[in-house]
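# The following comprises the amino acid sequence and a computationally predicted model.
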Amino acid sequence: MKELERLQKILAAAGIASRRKCEEMILAGMVEVNGEKVTTLGVKADPAVDTITVNGKPIRSEKKLYLMLNKSKGVITSANDPQGRKIVTDFLPGIKERVYPVGRLDYDTEGLLILTNDGEFANLLTHPSHHVPKTYRATVKGVPHGSALEQLQKGIKLEDGMTAPAEVEYHDVDTENNEATITITIFEGRNRQVRRMFEAIGHKVIRLKRIRFGEIGLENLGRGKYRHLTPQEIKDLLAVAQSKTHKVHKK
Ligand code: URA
């Protein structure tokens with residue numbers, strides 16, 4: 001998919017100079033896109049596709065980054081928050097590139113969040129038709145009956161329509177505290193979907209953590225910590241987004 005951006009922004013992101021200085025360079029006729037000189041401002045290009053040169057030298061496009069963060073509760077999945085709350089990029093010390101989250105986790109949800117500056121990769125993973133599996137541990141008030149979990153498994157009616165079949169199993173039942181922890185894998189990504197699914201069977205979610213996204217798991221990444229995905233993990237995520245059938249992990 002094309003990610004068109006203004007030329008001066010692309011040049012600045014590639015470390016050529018400040019955006020203002022890059023504008024001057026464009027006006028001075030130093031910049032070409034696919035062999036054609038650009039001398040006006042407002043021209044857009046896609047650094048992943050177009051060849052952009054400054055004084056005949058191709059620019060280096062921004063390095064692609066793929067990160068996994070173990071998001072804590074009380075953090076906004078957003079690149080900025082006008083109310084000044086903590087945002088996920090506050091937890092990426094040392095990352096200068098502008099990365100953005102792949103999908104969302106609620107303010108109160110913790111766990112695995114992928115961040116990248118690769119728009120195409122993000123689109124592939126979040127496109128509804130790709131049904132990328134996402135696995136959550138949901139601790140709920142009360143202990144749902146097996147028949148209620150079966151309903152979640154088959155699909156349940158929510159105000160925005162039926163949910164697709166899900167994988168559901170008990171992880172832990174705490175009768176003393178009247179709570180249960182359920183592992184649930186969904187193949188969609190509707191707003192507050194897991195919380196709403198449990199509400200629909202009469203159980204309020206009191207803790208929600210995403211433990212797996214596609215083929216990759218959170219494993220032992222500490223809360224609030226991030227790491228770079230390995231090349232194999234990036235490949236696996238792309239494979240899962242592009243495949244029609246998905247393996248389901250029962251962990
Ligand atoms: N489902 C939810 O209800 N919340 C999330 O953050 C993710 C999935």
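Cool, the structure landed. Numbers count the residues shown, from 1 in each chain.
# how about stretch 195-211, does it reach the ligand?
Yes - under the criterion of CB under 6 Å from any ligand atom, stretch 195-211 makes contact with the ligand via Arg195, Leu208. Backbone N, C-alpha and C define where each C-beta goes, glycine included.
# could you give me the average pLDDT of that stretch?
Throughout stretch 195-211, pLDDT has a mean value of 98.
# And Asp46, how far from Val75?
To Val75, Asp46 is 31 Å away according to CB to CB, to the nearest Å.
# residue boundaries of the helices in the stretch 151-251 of the chain?
Secondary structure of the stretch 151-251 of the chain (DSSP state H, counting those that start in this stretch): helices at 193-200, 231-242.
# The nearest residue to Asn178 once chain neighbours are set aside: how many residues sit nearby?
In space, and not counting its chain neighbours, Asn178 is closest to Gly142: 5.9 Å by CB to CB, 6 or more residues apart in numbering. Counted with other CB atoms under 10 Å, the neighbours of Gly142 add up to 14.
# Show the contacting residues for Gly142.
Asn178, Glu179, Ala180, Gly202, His203 (CB atoms under 8 Å, 6 or more residues apart in numbering).
# after the host helix or strand of Ile114 comes which helix or strand?
Here Ile114 sits within strand 109-116, counting by DSSP states H and E. Note on strand 109-116: by DSSP H and E, the next helix or strand toward the C-terminus is helix 119-126.
# Could you check the angle that following helix makes with helix 231-242?
Helix 119-126 and helix 231-242 are oriented at 60 degrees to each other (axes from the mean of the first three to the mean of the last three CA atoms, to 10 degrees).
# Not counting its own residues, what contacts the next helix or strand after helix 119-126?
Sequence-wise, the next helix or strand downstream of helix 119-126 (DSSP H and E) is strand 134-141. Strand 134-141 is contacted from outside by 103, 111, 167, 171, 178-187, 189, 194-195, 198, 203-214, 249, 251, using CB under 8 Å, 6+ apart.
# Likewise for stretch 230-237?
Tyr66, Met68, Ile114, Phe121, Leu125, Val132, Phe213, Gly214, Glu215, Ile216, Leu229.
# Arrange those in CSV, one row each, with distance to Ile59 and neighbour count as further columns.
Shown next, in CSV, are those (distance: CB to CB, whole Å; neighbours: other CB atoms under 10 Å):
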residue, distance to Ile59, neighbour count
Tyr66, 22, 20
Met68, 29, 23
Ile114, 27, 23
Phe121, 21, 18
Leu125, 27, 22
Val132, 33, 24
Phe213, 32, 23
Gly214, 32, 23
Glu215, 34, 17
Ile216, 32, 18
Leu229, 25, 18
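# Having no further points to raise, I will conclude here.
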